[in-house]
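K.L.:
coords below, sequence missing:
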Ligand code: NI
């Protein structure tokens, strides 16, 4: 794909802070950093729409002593309409487990699944990471 050049005007203080950030992040030039920022912004914009095709990981940390919680976590994964590809379990300590659940669906479905699991009594923390392929952005 052909590269197009464009000029950007920026005050020196902002540019200095940007260069300092790029240095810490290991960028060798501004162009690659700006391309990554644009890609991230386009992905965030696409993923804000509930119907955007997506994939991701829902991570929950929970107290495995809570009665029936483990079964409820499993039931929700079986009953969801989205594709639960796999999950990985980690025994965090004597009380807590963490589960990373890899899913494919729409951004809205993944958000809903994450919220449903995080809202269960006994789930101490729930986080979702949702990504989309550039060629699938609506
Ligand atoms: Ni465990």
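P.N.:
Good, I have the coordinates. Because the structure is a prediction, the values reported are computed rather than measured.

K.L.:
who does residue 58 bridge with?
P.N.:
Judged by DSSP bridges, the bridge partners of residue 58 are residue 101, residue 128.

K.L.:
So which bits of the chain are right by the ion?
P.N.:
With C-beta under 5 Å from the ion as the criterion, the chain meets the ion at residues 91, 97. Every residue, glycine included, has its C-beta placed from N, CA and C.

K.L.:
Kindly state the domain boundaries assigned to the chain.
P.N.:
12-47, 53-136 (automatic domain parsing).

K.L.:
give the contact list for the nearest residue to residue 88 once chain neighbours are set aside.
P.N.:
Nearest residue to residue 88, sequence neighbours excluded (C-beta to C-beta, 6 or more residues apart in numbering): residue 100, at 4.7 Å. Counting by C-beta atoms under 8 Å, 6 or more residues apart in numbering, residue 100 makes contact with 57-59, 87-88, 90.

K.L.:
before we move on, what about residue 22?
P.N.:
Applying C-beta under 8 Å, 6+ apart, the residues near residue 22 are 30, 33.
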